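# sequence unavailable; structure follows:
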């Protein structure tokens, strides 16, 4: 499932990294606490955007790094700083080899495969990793962070394959590829040529000094859920827009099929009480002028004697409503995850040793220092979530005191914040929920093109037989729904033990994110087909008109896709409609009727 670059709004229709180097009209400040899916998408796709860190973030980074520097200065043995990794965590690495140790870590873990992320999605990935560093728990140097920020604002983007993460110990492979480019290795995107070239050449071309990693910095760059979360952020951002769009398109289809709005009466939905259901019903009432005179189309069949509509019209608030509620839940989890510290080990600059201890051990102060053999760093690379702590049940490391009475601030603790179960699980939820928008939309398309269900011309075209109309467009929608059914199998129910059974439970969140994103893309296309079919159906009801907001949408659609009078090459029409509903322009046209 390669990650396609699909525009998310009208202003995001094109990506031009050259805009980042000059005439930056907007500044987005990263502070480690305020990132949202919409902000991250804006950083990825927006033009004229420059990213900066808050002064509080810079201070947090400096404080976190000072803890690491003190440990090195005092020659204390701490996992991830001056030890090997995994089964080599009991091997002490000499200070002169610490840079080599971190470099080996990045090189060996850059083992991803598959299609690369798009430039836009790589910008989001990089921005989100910087947001994690801004929290100050990583132990990264200020100079390293400034180089990453410089690369982001220049749109110098490493080649990041989209496959290779199991989503626990974080997204190690893709984040290692992200880091590798800034070390001057691998390939990097040039915003001028819009091609990938050797990273060393690109950094030199733009006068960026390659990063030389110091103690802990390799770990600081690759532990975390940022691939899962950045792809997931775009998926939920687009899903939120698609869900509102689906409500609007449904209203057009209700009119085109001469359905009733009585099923959207507020009393019906208040009796059940679900928030999303009530909001969708309210939106449909607004769009269909419920309680007013209705449209010309509505009045034309007021006395038709029809008792009720099919479920795909009548039950839309119930079906769409839970989708809206699920998207809201997913977004709330992702908002937290986007601003989470997901490193291991984690640096706590203001925590003291006594505050970090889970239990009081009466002989802790008498516990002898471990005897650790020394070696070079070249062979000491495995996985960075594994720690060993001699003579204590805690995985806490601290800068040693200069006297027995001191309890200095600055500790390093190992934990499991890198585990991707939170975003993995909710992105599986997202895929299942958003799929339902496509599933019910495809059934409405069937009603529009089937003359036995709509009393409209077969496949919404004149001279049927000579013309096939929307026959195969409907097949396309059906095929996408079928694909989505397979993609909705949850990735996060699987776990394969890795790293010699140390990573014995993983989230598979990378695949959950990619699947969710693909489902959203498919649903956008299904909705675009329904939109064109519904507008085509309105053409057959002329001279009758629908309500003001729906006429506005009809006119907007006809500004990019003309009426289908006779068969023509239809694929560009479908893509134009999909592009339209992904744009801000579509919902902005009728924003007054949406709340």
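Yep, that arrived. Please read all numbers here as calculations on a predicted model, not as lab measurements.
# what's the closest non-adjacent residue to residue 564?
In space, and not counting its chain neighbours, residue 564 is closest to residue 536: 5.5 Å by Cβ to Cβ, 6 or more residues apart in numbering. C-beta here means a position set from N, CA and C on the backbone, and glycine is covered the same way.
# what about that neighbour, distance to residue 292?
Distance of residue 536 to residue 292, given as Cβ to Cβ, to the nearest Å: 26 Å.
# if you count surrounding residues, which of these two has more?
Under the criterion of other Cβ atoms under 10 Å, the comparison of residue 536 against residue 292 puts residue 536 first, with 25 against 10.
# the host helix or strand of that one packs against which elements?
Using DSSP states H and E, residue 536 sits within helix 509-540. Secondary-structure packing of helix 509-540 (3 or more Cβ pairs under 8 Å, 6 or more residues apart in numbering; DSSP states H and E): strand 161-163, helix 226-256, helix 421-449, helix 471-487, helix 548-558, helix 571-582.
# just the buried residues of that helix, please?
For helix 509-540, burial by neighbour count (16 or more other Cβ atoms under 10 Å) applies to 509-538, 540.
# after the top strand by length along the chain, which helix or strand is next?
Using DSSP state E, we find that the single longest strand of the chain is strand 346-352. The helix or strand immediately downstream of strand 346-352 is helix 353-356, counting by DSSP H and E.
# related to what we said a few turns ago, got a list of what the residue nearest to residue 564 touches?
Applying Cβ atoms under 8 Å, 6 or more residues apart in numbering, we find residue 536 in contact with 448, 460-461, 470, 563-564.
# sheet-wise, list the partners of the longest strand of the chain with their directions.
Strand pairing for strand 346-352, determined by DSSP bridges: strand 409-413 (antiparallel).
# the strand it pairs with: how far from the chain's middle?
Strand 409-413 has its C-alpha centroid displaced from the chain centroid by 32 Å (Cα atoms, centre = their mean, to the nearest Å).
# for the remainder of this discussion, apply numbering that starts at 31.
Got it, first residue is 31 now, which makes that one strand 439-443.
# what about the helices in the stretch 181-330 of the chain?
Here the stretch 181-330 of the chain has its helices, by DSSP state H, counting those that start in this stretch, at 202-212, 229-235, 247-252, 256-286, 296-302, 305-317, 326-330.
# and for the closest residue to residue 162 other than its chain neighbours, the neighbour number?
Nearest residue to residue 162 in three dimensions, chain neighbours excluded: residue 254, at 5.6 Å (Cβ to Cβ, 6+ apart). The number of residues packed near residue 254 is 28, by other Cβ under 10 Å.
# now residue 254. Its backbone dihedrals?
phi 160, psi 170 (degrees, to the nearest 10).
# ok, it to residue 195 distance?
11 Å.
# who touches both of those two?
Any residue near both residue 254 and residue 195 by Cβ under 8 Å, 6+ apart counts here, and that gives residue 201.
# the residue nearest to residue 162 contacts residue 205, doesn't it?
Yes: with contact defined as Cβ atoms under 8 Å, residue 254 counts as touching residue 205 (6.6 Å).
# what's the overlap in contacts for those two?
Common neighbours of residue 254 and residue 205 (Cβ under 8 Å, 6+ apart) are residue 159.
# in the stretch 31-180 of the chain, which spans are helices?
Secondary structure of the stretch 31-180 of the chain (DSSP H, counting those that start in this stretch): helices at 67-75, 85-103, 128-139, 149-163, 172-184.
# and the residue nearest to residue 162, how far is that from residue 123?
Per Cβ to Cβ, residue 254 is found 23 Å from residue 123.
# ok, residue 590 next?
Distance, residue 590 to residue 123, using Cβ to Cβ: 61 Å.
# those two - which one has more neighbours?
Legend: neighbour count by other Cβ under 10 Å for residue 590 and residue 123, higher for residue 123 (23 against 12).
# pLDDT score for residue 208?
In this model, residue 208 is scored at 98, pLDDT.
# what residues are up against it?
Residue 208 makes contacts with 152, 155-156, 159, 188, 190, 251, as judged by Cβ under 8 Å, 6+ apart.
# how about 7 Å then?
Contact analysis of residue 208 by Cβ atoms under 7 Å, 6 or more residues apart in numbering lists 155-156, 159, 188, 190.
# appreciated, that's everything.
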